[in-house]
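Just need the structure, nothing else, for what follows:
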Amino acid sequence: AIGGGTILTLPILASLTYTTYQYTTTPNDQISKLHTPKSIYYQSLTNLIMTQLGQRSNKTFQSSCANAASENEALLLSICKKHESTEYGKQQNLKSITSRNDFRKHHPLTNHDHYQPN
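Okay, here's the model as predicted:
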């Protein structure tokens with residue numbers, strides 16, 4: 001089993017190694033005079049963190065896309081539930097909506113003007 005310290009140490013060690021590699025192999029005319037080993041380190045560490053967060057977000061997004069119909073229906077029902085006690089929700093009887101098909105049967109087709117105050 002990998003301990004908690006190892007989980008933190010490995011990315012930092014990898015980042016330091018990458019920083020050293022970048023600093024020693026990149027031609028001088030391609031490195032900003034203001035770019036220091038410390039700034040390269042922080043940049044590479046930030047890139048590592050952003051890559052991990054991006055991969056996690058992409059996994060969630062892909063999962064949502066695979067279940068788009070059920071995700072959309074769940075969102076629709078949560079919106080109906082949230083607004084069932086409002087004046088509009090009572091007028092449209094949103095409390096009785098239990099599925100996308102219910103919504104399509106009982107809620108009128110609307111446009112933006114429908115939601116403007118009288």
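
Show me where the protein has its helices.
4-25, 37-66, 68-83, 87-91, 100-106 (DSSP state H).

Same list (these) but as JSON lines, adding mean pLDDT, distance to H112 and mean neighbour count.
For the C-beta atoms, the positions are set from N, CA and C on the backbone; glycine is no exception. Below are the helices of the chain laid out as JSON lines (pLDDT from 0 to 100; distance: least, CB to CB, whole Å; neighbours: other CB atoms under 10 Å):
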{"stretch": "helix 4-25", "mean pLDDT": "74", "distance to H112": "48", "mean neighbour count": "12"}
{"stretch": "helix 37-66", "mean pLDDT": "86", "distance to H112": "27", "mean neighbour count": "12"}
{"stretch": "helix 68-83", "mean pLDDT": "94", "distance to H112": "17", "mean neighbour count": "13"}
{"stretch": "helix 87-91", "mean pLDDT": "92", "distance to H112": "14", "mean neighbour count": "11"}
{"stretch": "helix 100-106", "mean pLDDT": "94", "distance to H112": "18", "mean neighbour count": "13"}
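
Just put the ones you listed in a markdown table and tack on distance to Y115.
Shown next, in a markdown table, are the helices of the chain (distance: least, CB to CB, whole Å):
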| stretch | distance to Y115 |
| --- | --- |
| helix 4-25 | 49 |
| helix 37-66 | 27 |
| helix 68-83 | 11 |
| helix 87-91 | 8 |
| helix 100-106 | 16 |
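
These: which one's closest to Q116?
In terms of CB to CB, the element of the helices of the chain nearest to Q116 is helix 87-91, at 11.8 Å.
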